[in-house]
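Colleague: need a structure here:
(one chain, ligands or ions: 2)
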Amino acid sequence: MARRMILNLGQWCSRIFGVECDKRTGPVYFALHKDKQTDQRGNELRQLFGDGKVYSFHVRCKDRIQRSKFDELLQNKLSSIPSDDCTIMEMSSFLPSVQQSFIKGFLLKLNSDNTITEKVVDELLRVDAVSVCSYVQDRDEVWWQQHLSPSEEGTVMSTRYCVIATGAPELHPSILNIINNDVFYSFEEAYNVLTECSDIIPESKAVLDLADQRIDLSETGKFPVIVIEGLDATGKTTLTESLKEAMNAALLRSPPHCLAPLRPRFDCEPPLIRRAFYALGNYITAGQIARESSKAPVIVDRYWHSTAAYAIATAVSGGVGNLPASRSEVYRWPKDLLPPSLVLLLTIDPEERQRRLRGRGLEQTREEAELEANHLFRQKVEEAYRRIEDPACVTVDASPSPDKVLQQVLLLIKNKCHL
Ligand SMILES: Nc1ncnc2c1ncn2[C@@H]1O[C@H](COP(=O)(O)OP(=O)(O)OP(=O)(O)O)[C@@H](O)[C@H]1O
Ligand SMILES: Nc1ccn([C@H]2C[C@H](O)[C@@H](COP(=O)(O)O)O2)c(=O)n1
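Modeller: Residues are numbered from 1 along each chain as shown. Ligands and ions are numbered 1, 2, ... in the order given. This is a model prediction of the structure:
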């Protein structure tokens, strides 16, 4: 594990840990010290760790595909513990300001001893790629993190570090890993991920073949290309179909139709693989845009704004305040992806969205179900949409009737695309 000098001079610390205990107040952060220290902010740790048994789990694995699979295994194992018996919190580990140093993990607080939980902890201790620690307080009320490993006789404690609460880093740590883990900024980066996982996901080969066969043009034709974006049920399908009729346009979507049969397979994969799939979908759609825009105006139902906004909102835990600041490089458009002439973001208030969702009654993707349940997530997706640049999106109030929305959008297209 990388070691570096941080905080107080003379004390060697490794990583910083952040535990998401309360979405409103933000994570509690702590550092590890080799020697015993006095914690000036002892209350924070007492509140965090409480009185019962506490464990933390992180995946340590060099290969990114395997790491993403172990992350999933860890999450599934922990969620098999009945929620009455424990509290599970997201817990990150990172080196402040060091890109790609962010590691996701979990803190498990037990409310009572029981065999299901002990069995899960024991199983995780035996997974080589998972690092397990426990947290204990000594008689001076100082907290220690102890690394645990399995042995013939039971669990053995190896290294232990003194735990000291620290302040929050300047930027939310999950931002350190967004580039090329959650959002891809070139065809090659996304392509590499699916190549690396083609042994464990045979369907990747079909996606790679379609990506290889894509039309690779750097410019659109002479007709405008208009992308319609927005959360689920904001009226994208209704509007794009009306625009197609009204403008005599070609209607495309991302992911493109050719990827539809493969989409459910990738939707249940960890973020790294799932996002790479959607990224490649955008490049395939880009080829279709290039071809169609030489013949007629093109309307596109979702494109890169959706891929980036959902990925960023999922990667960053907590509220809108944790998103990368406006103008951050995570919001930049990929240099090798064909940009549209205009991006319109449809917005409606959450209550109207609920009414439309209920009225429609269709099956939702896992992420859309999450949007429903999680008000914070919905806000983050919309805010990330608004922060994406070059091209930035123009917000459209999509609450009026379908016909009024259509007229409003036709006028916008006429003005912005100089038709
Ligand atoms: N302007 C509008 N006023 C009232 N209802 C609308 C309006 N536009 C669409 N709807 C209705 O809202 C529901 C969702 O619309 P639609 O399917 O067009 O949304 P969407 O953004 O394409 O959703 P998804 O992203 O899930 O495909 C549908 O039942 C549709 O008839
Ligand atoms: N270009 C795209 C299109 C969609 N997605 C992801 C984001 C959501 O998880 C989901 C929404 O799609 P829908 O249910 O409206 O078909 O798909 C993406 O990442 N990139």
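
Colleague: Just give me the neighbour total for residue 358.
Modeller: For residue 358, the count of nearby residues is 9 (other CB atoms under 10 Å). The C-beta positions use only the backbone N, C-alpha and C, and glycine is treated the same way.

Colleague: Run the chain-centre distance for the helix or strand hosting it.
Modeller: For residue 358, the element it lies in under DSSP states H and E is helix 350-360. Distance of helix 350-360 from its chain centroid, counting by CA atoms, centre = their mean, to the nearest Å, is 25 Å.

Colleague: Kindly report the same for stretch 128-136.
Modeller: Counting by CA atoms, centre = their mean, stretch 128-136 is centred 24 Å from the centre of its parent chain.

Colleague: Show residues contacting that stretch.
Modeller: Stretch 128-136 has contacts (CB atoms under 8 Å, 6 or more residues apart in numbering) with 49, 53-61, 66-67, 70, 74, 121, 124-125, 143-149, 157, 163.

Colleague: I figured residue 336 was touching residue 187, is that so?
Modeller: Yes. Residue 336 lies in contact with residue 187 (CB atoms under 8 Å); the separation is 5.6 Å.

Colleague: Show me the helices in this protein, by range?
Modeller: Secondary structure of the chain (DSSP state H): helices at 42-49, 64-79, 115-125, 187-196, 203-212, 236-247, 263-267, 271-292, 304-315, 350-360, 366-373, 375-387, 402-416.

Colleague: Report the distance from the last one to the chain centre.
Modeller: The one in question is helix 402-416. Using CA atoms, centre = their mean, the offset of helix 402-416 from its chain centre is 33 Å.

Colleague: and the angle from that helix to helix 236-247?
Modeller: Here helix 402-416 points in a direction 60 degrees away from that of helix 236-247 (axes from the mean of the first three to the mean of the last three CA atoms, to 10 degrees).

Colleague: repeat for the third one
Modeller: Note on geometry: by the same axes, to 10 degrees, helix 115-125 and helix 236-247 are set 60 degrees apart in direction.

Colleague: ok, and for stretch 66-79, which residues are buried?
Modeller: Residues of stretch 66-79 classed as buried: 67-75, 77-78 (neighbour count, 16 or more other CB atoms under 10 Å).

Colleague: Need the residues you listed in a markdown table (columns: pLDDT and distance to ligand 1).
Modeller: As requested, the buried residues of stretch 66-79 are exported to a markdown table (pLDDT from 0 to 100; distance: CB to the nearest ligand atom, whole Å):
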| residue | pLDDT | distance to ligand 1 |
| --- | --- | --- |
| 67 | 95 | 31 |
| 68 | 95 | 26 |
| 69 | 95 | 29 |
| 70 | 96 | 32 |
| 71 | 95 | 27 |
| 72 | 94 | 25 |
| 73 | 95 | 30 |
| 74 | 96 | 31 |
| 75 | 94 | 26 |
| 77 | 95 | 32 |
| 78 | 95 | 30 |
